[in-house]
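S.K.: what shape does this take:
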Amino acid sequence: MEEITKPVLVGIVKKEAPQLASVLREMKNVLDVVRSKVEALTALVKANSFPTAGGISYLEAKHLLLLSYCQDLVYYILRKAKGLSIDGHPLVRSLVEIRMFLEKIRPIDKKLQYQIQKLTTAGGPVTELAHSEGKGSCEAQKSEDLSNYKPKPDLLADKEDDQEDDGVYRPPKFAPMSMEDKTSKQERDAARKEKHFFRQATENTYMKDVLDDLEDRPEEIRDYYGVESNEQKRFMAQYERQQKAEEELFTRAPRTKEDKKREKRLKSSSGYVFALVGN
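M.R.: Numbers count the residues shown, from 1 in each chain. Purely as a prediction, here's the structure:
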């Protein structure tokens with residue numbers, strides 16, 4: 001059997017699997033980078049710069065799974081490069097099992113992500129401050145730990161402890177809160193006086209006629225005889241407000257016995273007749 005030379009082998013590979021050469025070249029470059037980083041990290045671990053005792057056992061198990069998966073992948077590529085068959089080989093079963101394990105532990109990764117990130121960030125500033133003291137002290141004090149805002153279920157009150165043994169429900173007690181009025185006493189008195197003057201002006205017949213002329217209101221004609229008293233004016237104003245509210249709410253407002261007696265008394269006094277007020 002003739003020995004296949006390297007140029008012939010390269011030609012066969014380019015013909016049968018044109019993407020294999022680029023994949024192998026990329027894999028070689030990545031492996032060189034990984035080898036350099038692993039060697040540097042191994043040297044630091046051996047020098048006790050990075051203590052590995054007391055770590056998270058879950059990460060150690062995951063690293064072993066990833067290492068086994070990478071070894072199986074390299075062996076798989078080696079067999080494919082040599083043209084060997086993988087049908088019925090235990091390598092396929094091993095790859096499928098490790099892949100399934102890595103897919104199943106993704107929820108665990110999400111749950112431990114916050115804890116791992118907090119541990120790594122807590123250990124990072126310690127090593128940096130050992131090399132440069134004083135430079136980042138102000139920034140470290142100003143930096144705010146976002147973990148203080150996370151929910152703390154341990155601080156929640158137990159529902160069973162809130163109720164006493166007698167079984168009687170007692171509503172929770174809240175501290176009374178008062179509305180803060182930012183206005184001063186002089187401003188409140190001025191507003192009260194202005195409101196009082198406006199009410200007197202609206203009750204004055206002369207001022208009412210002046211306002212009607214300024215606003216071009218139609219002349220109002222009422223069916224009554226005699227002089228209209230202030231009590232009658234207030235009653236008519238109250239009746240008009242009540243009628244307006246009934247029209248807006250589409251419902252009848254209840255009338256008390258005092259209102260009916262007052263209406264009857266005003267009707268009988270001075271021959272006053274209310275044309276709008278119904279019985």
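S.K.: buried residues, whichever strand or helix holds residue 260. List them.
M.R.: Assessed by DSSP states H and E, residue 260 sits inside helix 257-268. Residues of helix 257-268 classed as buried under the neighbour-count rule (16 or more other Cβ atoms under 10 Å) are 259, 263, 266. No exception for glycine: its C-beta is placed from N, CA and C like everyone else's.
S.K.: show me what that helix packs onto, helices and strands only.
M.R.: helix 230-249 (3 or more Cβ pairs under 8 Å, 6 or more residues apart in numbering; DSSP states H and E).
S.K.: what angle do helix 257-268 and the helix it packs on make with each other?
M.R.: 120 degrees (axes from the mean of the first three to the mean of the last three Cα atoms, to 10 degrees).
S.K.: average model confidence for helix 230-249?
M.R.: The predicted model assigns helix 230-249 a mean pLDDT of 82.
S.K.: low-scoring stretches of the stretch 1-150 of the chain, by residue?
M.R.: 1-4, 13, 16-18, 51-52, 123-149 (pLDDT under 70).
S.K.: ugh, wrong one, the stretch 151-279 of the chain
M.R.: For the stretch 151-279 of the chain, applying pLDDT under 70 flags the ranges 155, 157-165, 175-181, 202-203, 220-230, 269-279.
S.K.: where along it do the helices fall?
M.R.: Counting by DSSP state H, counting those that start in this stretch, residue ranges of the helices within the stretch 151-279 of the chain are 159-162, 185-203, 205-214, 230-249, 257-268.
S.K.: hang on, isn't residue 92 packed against residue 79?
M.R.: No. Contact status for residue 92 versus residue 79: not in contact, 10.5 Å apart, counting by Cβ atoms under 8 Å.
S.K.: now do the shared contacts for the two.
M.R.: With contacts defined as Cβ atoms under 8 Å, 6 or more residues apart in numbering, the residues shared by residue 92 and residue 79 are residue 86.
S.K.: what about residue 48, helix or strand, and which?
M.R.: Counting by DSSP H and E, residue 48 is part of no helix or strand.
S.K.: what about it, how many neighbours?
M.R.: For residue 48, the tally of surrounding residues (other Cβ atoms under 10 Å) stands at 8.
S.K.: what's the longest helix in the protein?
M.R.: Once the chain is assigned using DSSP state H, the helix that runs over the most residues is helix 18-46.
S.K.: can you name the element that comes right after it?
M.R.: Using DSSP H and E, the helix or strand that follows helix 18-46 towards the C-terminus is helix 57-82.
S.K.: show me what counts as buried in that next one.
M.R.: 62, 65, 69, 72, 76.
S.K.: name the helices or strands packed onto that helix?
M.R.: In this structure, helix 57-82 packs against helix 18-46, helix 90-104, helix 106-131, with contacts taken as 3+ Cβ pairs under 8 Å, 6+ apart.
S.K.: quick one: the ones you listed as JSON lines, columns for distance to residue 189 and mean neighbour count too.
M.R.: Formatted as JSON lines, the helices and strands packed on helix 57-82 follow (distance: least, Cβ to Cβ, whole Å; neighbours: other Cβ atoms under 10 Å):
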{"stretch": "helix 18-46", "distance to residue 189": "78", "mean neighbour count": "11"}
{"stretch": "helix 90-104", "distance to residue 189": "75", "mean neighbour count": "13"}
{"stretch": "helix 106-131", "distance to residue 189": "59", "mean neighbour count": "11"}
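S.K.: many thanks, we can stop here.
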